[in-house]
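>>> the following comprises the amino acid sequence and a computationally predicted model.
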Amino acid sequence: MKAAFLTLGCKVNYYETEKMIADFKKRGFEVTDFDDGADVYVINTCTVTNIADRKSRKMLHRAKRRNPSSIVVAVGCYVESSAAEGEKDAAIDLALFNQDKSDVAEKVISYLESAGMAEKHVAADGKAEKAEANAPGSADGNGGRTRRYIKVQDGCNQFCSYCTIPYVRGGGILSSREEYPILEEVRQAADMGYKEVVITGIHLSSFGVQSTASNGFVQQKGAPLAALLQKINEIDGIERIRMGSLEPRIICDEFLDGLSAADKLCPHFHLSLQSGCDETLRRMNRRYTTEEYRESCGRIRSRFEHPAITTDVIVGFPGETEEEFEATRKFVNEIALAGIHVFPYSVRYGTKAARMDGQISPETKRRRTELLIADAAALKAAYAGWFVGRTEKVLFEEVREFGGRRFLTGHNERYVVIGAPEREARALGYRENSICSVRVKKENLIEAL
């Protein structure tokens, strides 16, 4: 049987899809592209915003339209949230929660057997075809990417007032993987040809925290995560280590001392902000102030040359006045962030913010979002402009077209997209999944200028 996969949402979802694909291959499924015909479609869903919900529904319905006789499997966070709201969707044949992700292939086979479709299946006994196709550039859950996601942690217990993730990802219970299997997985990635790994988790800062205390990662000063990164740093074949999203409160001298000992670590820090106004942060239950965030950025900049500090900002949170919004704009510009993901606030069922007074109109949220996106674009261009005239190491990933020209593109260590004209790049021996030194011109900064 043919199985196709689509991943929405966070890096953890991408990691978990890779694991599903490997399991399906071991059980004899042929993995095909989502846009091709398939007998089974697996959509790893997201529910972080209303837009994520809509996209999850859209892709589930698209899969069923592609092959009405197929089995459409919805997995993950959207399934959890829609179940809480009592929603049903006729396009979904099998709905599985996050806790079921390690058994998706088994549950699909059981469903096929109960539906009398098992005779189409070729290897339900689980005898493995080796998943060597799971390598850079192949059609796998990593989408042919040249970096490998490594999930080390699950669960979140911060309970920000706008967020459903603690509820749909374990109910506030934290869990961390043991070091040995993590390191083995990184070694396997190196053996498969990956040059870069991304260490990720639902609340990565809580890696190694055994207590459910909400500030456990602050008390441990990031020591477990820093120690893990140092051990990954010693693995031959891996040339870059990148971290997923971090809490600003984990940034302390002890943590940065630990990171400085890992010379393969990319100086790219995604520190979640959400608002540049203290009063809004208080309503969000974010537990830090703008001044503390500013201090975290200063500590990073004192240790790393021109680090990329990126963030997320929610626009139009309940009660956000024009003055509060302008405070956010002023703050992000003062901090000179390298990149901002801007999200209009989405009402999430069951959260405290959904019941707050002062809900902002869609028109106001749209206007504020456009203003902040424009600020973000200017900040991104200013940050990237620093690289003009410098020689940067670029991990080339794919060919993309800009302005009618084809470029071989990739990211430098600070996650700036740099491209080289394809014909010239090929002549110089540049290839996908290779790290090459590139002298940066303004026109090479594909996304920023």
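Now that the structure is in, tell me what you want to look at.

>>> wait, doesn't Thr290 sit right on Lys330?
No: using Cβ atoms under 8 Å, Thr290 is not in contact with Lys330, being 10.0 Å away. In short, each C-beta sits where N, CA and C put it, glycine included.

>>> what's the longest helix in the protein?
helix 362-385 (DSSP state H).

>>> residues contacting that one, please?
With contacts defined as Cβ atoms under 8 Å, 6 or more residues apart in numbering, helix 362-385 is touched by 308, 313, 315-316, 325, 328-329, 332-333, 336-340, 342-345, 416, 442, 445, 447-449.

>>> surely Tyr293 is within a strand?
No: membership of Tyr293 in a strand is not supported by DSSP: H, G, I helix; E, B strand; the rest coil, which gives helix.

>>> was I right about it contacting Pro248?
Yes: between Tyr293 and Pro248 there is a contact under Cβ under 8 Å: 4.9 Å.

>>> common neighbours of these two, please.
Between them, Tyr293 and Pro248 share the contacting residues Leu271, Leu273, judged by Cβ under 8 Å, 6+ apart.

>>> show me where the stretch 251-400 of the chain has its helices.
253-260, 278-284, 290-303, 322-335, 362-385 (DSSP state H, counting those that start in this stretch).

>>> which of those helices sits most buried?
Per residue and on average, the most neighbours among those fall to helix 278-284, with a mean of 19 (mean count of other Cβ atoms under 10 Å).

>>> centre of the chain versus it, how much separation?
Relative to its parent chain, helix 278-284 has a centroid offset of 25 Å by Cα atoms, centre = their mean, to the nearest Å.

>>> over to stretch 440-449?
So, by Cα atoms, centre = their mean, the centroid of stretch 440-449 is 24 Å from its chain's centroid.

>>> just the CA atoms of that stretch, as PDB, please.
Provided in PDB are the C-alpha atoms of stretch 440-449 (Å, rounded to 0.1, in the frame of the first residue of the first chain):
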ATOM      1  CA  VAL A 440      28.300  37.600   0.300                       C
ATOM      2  CA  LYS A 441      27.000  40.300  -2.100                       C
ATOM      3  CA  LYS A 442      23.800  42.200  -1.500                       C
ATOM      4  CA  GLU A 443      22.000  40.200  -4.200                       C
ATOM      5  CA  ASN A 444      22.900  36.900  -2.400                       C
ATOM      6  CA  LEU A 445      20.700  37.800   0.600                       C
ATOM      7  CA  ILE A 446      17.700  36.200  -1.000                       C
ATOM      8  CA  GLU A 447      14.900  36.700   1.600                       C
ATOM      9  CA  ALA A 448      16.100  39.800   3.400                       C
ATOM     10  CA  LEU A 449      16.900  42.500   0.800                       C
END
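
>>> which parts of it are buried?
For stretch 440-449, a neighbour-count test (16 or more other Cβ atoms under 10 Å) marks Val440, Asn444, Leu445, Ile446, Glu447, Ala448 as buried.

>>> look up the closest residue to the first one, ignoring the ones flanking it.
Pointing back at Val440 there. Phe387 (4.7 Å; Cβ to Cβ, 6 or more residues apart in numbering).

>>> the spatially closest residue to Leu445 that is not a sequence neighbour and Arg301, how far apart?
Leaving aside its chain neighbours, Leu445 sits nearest to Ala384 (4.8 Å; criterion: Cβ to Cβ, 6+ apart). From Ala384 over to Arg301 the distance is 17 Å, taken as Cβ to Cβ, to the nearest Å.
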